[in-house]
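Participant: Coordinates only, no sequence provided:
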Ligand code: C5P
């Protein structure tokens with residue numbers, strides 16, 4: 001194929017804290033979370049060429065079970081812009097699957113961000129967010145990146161000030177936790193109102209954590225307020241995850257938590273040297289786990305990496321460049 005080709009990064013995320021409130025009438029759960037992108041990423045190569053008939057294909061470095069979100073995202077963009085094209089994807093997967101790091105969601109968001117630029121046709125931001133949410137609750141976050149407060153299903157997003165590029169160590173055990181099962185195990189009751197008294201103390205704690213993230217110099221203790229409502233149920237099913245969390249703390253982690261509905265457990269460290277020492281020791285002691293060193297990825301770096309990757313396609317945009325928002 002002789003079309004335009006780009007290679008873009010699809011970064012992973014952590015949930016620095018994650019509260020699951022009541023079950024809503026639409027079957028989803030009401031969340032309170034703080035999302036954070038990290039430098040670990042999949043790499044997605046996209047080749048695009050206008051054609052008489054749409055043909056989509058994907059090659060992936062690993063088998064992806066079930067519905068591929070990349071292809072669904074591509075179909076959504078082509079339908080939205082009423083364009084027929086041949087699009088080939090090549091995905092190099094580095095983010096563990098089913099691990100609570102949002103890999104599949106990030107790949108989908110990468111497709112939503114990239115294809116319009118390659119086609120030289122912008123999709124309005126609100127429309128892109130709606131298309132993202134249709135693909136999954138975590139997808140809208142990856143249209144922005146950085147540090148963000150997430151409410152509702154996680155699609156009501158408010159950017160928070162950047163956290164520093166903190167060193168991170170991930171414990172990737174290969175345990176797969178199906179998201180819908182993890183939610184069902186919580187046995188949350190139907191909503192009794194968002195300000196229900198049963199959530200009062202938890203919401204205060206959440207607000208204090210967010211205030212600490214917003215203004216770390218006045219309250220560096222936000223890490224001690226972090227929680228993840230999935231940990232109790234998931235850890236009781238897979239007790240080794242409790243051990244990994246403890247090992248990360250014993251080796252100098254300032255905070256150790258599970259991300260999303262699991263099973264990846266992450267540790268935040270004061271310096272890269274402490275993290276790397278921890279990684280070496282843990283790799284020796286627990287070689288059954290993949291210990292992955294990375295860092296938090298602030299929004300400005302997230303966007304810089306994206307803009308750099310899309311430079312070859314940007315030439316096409318001409319005067320319409322402003323319609324594409326931060327990406328162009
Ligand atoms: O939106 P997503 O496809 O990631 O959700 C997968 C499943 O997780 C949903 O079908 C639902 O069972 C559960 N879920 C939920 N509440 C949320 C997000 C997901 O119950 N806020």
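Facilitator: Yes, it's here. What you see is a predicted model, and the numbers here were worked out from it, not measured in a lab. Numbering: from 1, shown residues only.
Participant: Kindly report the residues of the stretch 101-250 of the chain close to the ligand.
Facilitator: 136, 137, 138, 153, 179, 180, 183 (Cβ under 6 Å from any ligand atom). To be clear about C-beta, it is placed using only N, CA and C from the backbone, and glycine gets the same treatment.
Participant: ok, now which ones touch the closest residue to the first one other than its chain neighbours?
Facilitator: When you say that, I think you mean residue 136. Leaving aside its chain neighbours, residue 136 sits nearest to residue 105 (5.0 Å; criterion: Cβ to Cβ, 6 or more residues apart in numbering). The contact partners of residue 105, by Cβ atoms under 8 Å, 6 or more residues apart in numbering, come to 69, 135, 136, 137, 138, 139, 141, 142.
Participant: And residue 301, by the same measure?
Facilitator: 39, 165.
Participant: is it fair to say it lies in a helix?
Facilitator: Yes: secondary structure assignment places residue 301 in a helix (DSSP: H, G, I helix; E, B strand; the rest coil).
Participant: Show me this protein divided up by domain.
Facilitator: Split into domains by automatic domain parsing, the chain comes to 4-161+299-327, 167-295.
Participant: Let me see the ranges of the strands in this structure.
Facilitator: 4-23, 29-50, 55-60, 85-92, 147-152, 156-159, 167-172, 255-258, 265-268, 290-295 (DSSP state E).
Participant: picking that back up, can the domains of the chain go into a markdown table with extra columns for mean pLDDT?
Facilitator: Shown next, in a markdown table, are the domains of the chain (pLDDT from 0 to 100):
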| stretch | mean pLDDT |
| --- | --- |
| domain 4-161+299-327 | 94 |
| domain 167-295 | 92 |
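Participant: right, so the ones you listed: which one is the most enclosed?
Facilitator: Ranked by mean neighbour count under mean count of other Cβ atoms under 10 Å, those are led by domain 4-161+299-327, which reaches a mean of 19.
Participant: what about that domain, distance to the chain center?
Facilitator: Computed by Cα atoms, centre = their mean, to the nearest Å, the separation of domain 4-161+299-327 from the middle of its chain amounts to 10 Å.
Participant: Between the two ends of it, how far is it?
Facilitator: Domain 4-161+299-327 has an end-to-end distance of 17 Å (Cα to Cα, to the nearest Å).
Participant: One more: stretch 291-302?
Facilitator: 23 Å.
Participant: and if you look at stretch 175-190?
Facilitator: OK, stretch 175-190 end separation, Cα to Cα: 29 Å.
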